[in-house]
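K.L.:
structure, please.
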Amino acid sequence: QVHVVESGGDSVQPGGSLRLSCAASGSIVSIVAMGWYRGAPGKQRELVATSTSGGSTNYVDSVKGRFTISRDDAKNMVYLQMNSLKPEDAAVYYCNVRVYTTYSGPFSDFWGQGTQVTVSS
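P.N.:
Predicted coordinates:
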């Protein structure tokens, strides 16, 4: 099993910055990708940013130029630096990790519980 824990959510004013962190632990053979999604609890989640082990990154258009995803593969961690935050960025942010847990099986997706980001004046 793989355990995913996010941290760093907070309440900030518009124009502010936050850095989210996500740590993955457990039976990880290798990581395919790590990423951040956002949404309201029980609602469909929107992809915010992803980072593959091949080195590619992908961002939703609304955060390009403001958010940066980065990884520390030695620690199985992924970060999301969020700058110039807007009220529409407010959401629960979820970390997703796509990993191989065995040497021969398919990859699996694991999610954290989410961390709340509030943006208001």
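
K.L.:
need the strands for the chain, in chain order.
P.N.:
2-7, 11-12, 18-26, 30-39, 46-52, 57-59, 67-72, 77-82, 91-100, 107-111, 115-119 (DSSP state E).

K.L.:
any chance of those strands in JSON lines, plus mean pLDDT and mean neighbour count?
P.N.:
Bear in mind the C-beta positions are built from the backbone N, C-alpha and C, glycine included. Below are the strands of the chain laid out as JSON lines (pLDDT from 0 to 100; neighbours: other CB atoms under 10 Å):
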{"stretch": "strand 2-7", "mean pLDDT": "96", "mean neighbour count": "17"}
{"stretch": "strand 11-12", "mean pLDDT": "98", "mean neighbour count": "15"}
{"stretch": "strand 18-26", "mean pLDDT": "97", "mean neighbour count": "18"}
{"stretch": "strand 30-39", "mean pLDDT": "96", "mean neighbour count": "20"}
{"stretch": "strand 46-52", "mean pLDDT": "96", "mean neighbour count": "19"}
{"stretch": "strand 57-59", "mean pLDDT": "97", "mean neighbour count": "15"}
{"stretch": "strand 67-72", "mean pLDDT": "96", "mean neighbour count": "17"}
{"stretch": "strand 77-82", "mean pLDDT": "98", "mean neighbour count": "22"}
{"stretch": "strand 91-100", "mean pLDDT": "96", "mean neighbour count": "22"}
{"stretch": "strand 107-111", "mean pLDDT": "95", "mean neighbour count": "15"}
{"stretch": "strand 115-119", "mean pLDDT": "97", "mean neighbour count": "18"}
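
K.L.:
can you pull the contacts of the residue positioned nearest the centre of the chain?
P.N.:
Geometric centre of the chain, nearest residue: W36, 2.5 Å, by CA atoms, centre = their mean. Neighbour list for W36: 20, 22, 47-50, 69, 78, 80, 93-96 [criterion: CB atoms under 8 Å, 6 or more residues apart in numbering].

K.L.:
just these now: which is nearest S62?
P.N.:
V48 (8.7 Å; CB to CB).

K.L.:
and for the closest one, nearest residue in space, chain neighbours not counted?
P.N.:
W36 (4.4 Å; CB to CB, 6 or more residues apart in numbering).
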